[in-house]
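> pasted the sequence and its predicted model underneath.
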Amino acid sequence: ARERKILCGVSVLQDFNYRFLLEMVLYFYGGYLILNDRLLLGTFMAFLSYYKKIYRNVKLLGDRRVACKKEAPWFESVAEAAEKAAEPEAKKTPGKMESIHEAVGGELHICGDYYPYGKEENIFHLSVEDVRIKKGSRIAVVGESGCGKTSFAKLICGLYERCGCFYVEKEPYFFDLSVMDNLLLVDADREKAERYLRLCFAPEEIEELKMLRADKKIGEGGCRLSGGQRERLNMVRVLLKSPSLIVWDEATAQMDADVEKKMYEMICAELPESTHIFISHKKEVLAYVDEVICAENGRVRMGGSCR
């Protein structure tokens, strides 16, 4: 976010210098022509008036073109999401081979070989060995980087999307709106949003960041907030959604241990009947869970009790 602000400032400064130098050249050259009786003052003033109007419109057109190019990936993502939503229900299930997945009485049961990236030879796939997750339990998915933890988490979200699954990603995205406007997009109940906001942020922090003001925008992607503040604001969105199944994928990576402990305790207290699946490299997360799922080289299995 800091680099983005610096680049933006440099761009504005360059544009200002360019306009200033160009206008200085025009004024000096125009003055020279007027003093030598080669140009009338009225003609020069008319030229400057037309120049400013044309320059402003041409610059606006250029800015719009750059903005469209920057926003193109977002438009493509929206289009892909719309196409996916329009697909028949039968095509929504992720690719799988000889697999079992069911949700009975709130308990999740997954077993089999899943191919998230296709069935070609040497392509990474998951082998899930009879994983059962009880309703309301807290599960940690552990393993080395690249062993399949996030793939397993996304597999759960794909298989059980009708069970109210909510995937909490590492880098949450926010619109360039106020904090409250971002939260009201999730739930229009302002009182509830304010209550959860006060659970996740200290009163002085809310006041300092002016979180309750409609005119205080947080920047594209929430760039005016720190990483930990974005993660806590994302937790407020989770509380507003109140999902029955929550997958936390490194969702507290930028919080210190004390804040993380406080946030998880609060979340579990507010959503006691929800099933929580934690993916994290932090050992501290093991203090909040009932069982562990081990992931190793694409093989996923129950790993026993942590308590």
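Thanks, I have the structure now. Numbers count the residues shown, from 1 in each chain.

> what number of residues lie near Glu220?
As a burial measure, Glu220 scores 15 neighbours (other Cβ atoms under 10 Å). Bear in mind the C-beta positions are built from the backbone N, C-alpha and C, glycine included.

> what about the helices in the stretch 51-200 of the chain?
149-159, 179-184, 190-200 (DSSP state H, counting those that start in this stretch).

> by contact count, what packs against the shortest one?
So that's helix 179-184. helix 190-200, helix 227-241 (3 or more Cβ pairs under 8 Å, 6 or more residues apart in numbering; DSSP states H and E).

> ok now it, how far from the chain's centre?
14 Å (Cα atoms, centre = their mean, to the nearest Å).

> figure out which of the helices of the stretch 51-200 of the chain is closest to Arg299.
Arg299 lies closest, by Cβ to Cβ, to one member of the helices of the stretch 51-200 of the chain: helix 149-159, at 10.3 Å.

> now the closest one: buried residues?
149-159 (16 or more other Cβ atoms under 10 Å).

> now do stretch 32-52
39, 44.

> gap between that stretch and the chain center?
The answer for stretch 32-52 is 54 Å, by Cα atoms, centre = their mean.

> for the protein, what spans make up the strands?
96-104, 107-114, 126-133, 138-142, 165-168, 245-249, 275-279, 291-296, 299-305 (DSSP state E).

> which stretch among those comes nearest Glu231?
Here strand 165-168 is closest among these (Cβ to Cβ), at 8.9 Å.

> same for the closest one, what does it pack against?
helix 149-159, helix 227-241, strand 245-249.

> could you rerun that using 6 Å?
strand 245-249 (3 or more Cβ pairs under 6 Å, 6 or more residues apart in numbering; DSSP states H and E).

> what does the strand it packs on contact?
150, 153, 163, 165-170, 274-279 (Cβ atoms under 6 Å, 6 or more residues apart in numbering).

> any idea how far Ala219 is from Asp63?
Heads up, residue 219 is Gly, not Ala. 18 Å (Cβ to Cβ, to the nearest Å).

> these two: which is more packed in?
Gly219 (15 against 11).

> right, so the helices and strands packed on helix 179-184: which one is the most enclosed?
helix 227-241 (a mean of 20; mean count of other Cβ atoms under 10 Å).

> which residues does that helix contact?
By Cβ under 6 Å, 6+ apart, helix 227-241 touches 166, 168, 172, 186-187, 196-197, 200, 222, 252, 254-255, 263, 270.

> now stretch 139-151
So stretch 139-151 is contacted by 116, 126, 133, 249, 277-279, 285-286, 289, 291-293, 295-298 (Cβ under 6 Å, 6+ apart).

> if we can go back for a sec, which stretch among the strands of the chain comes nearest Ile54?
Using Cβ to Cβ, the strands of the chain put strand 165-168 closest to Ile54, at 49.8 Å.

> I'm done for today, thanks for sticking with me.
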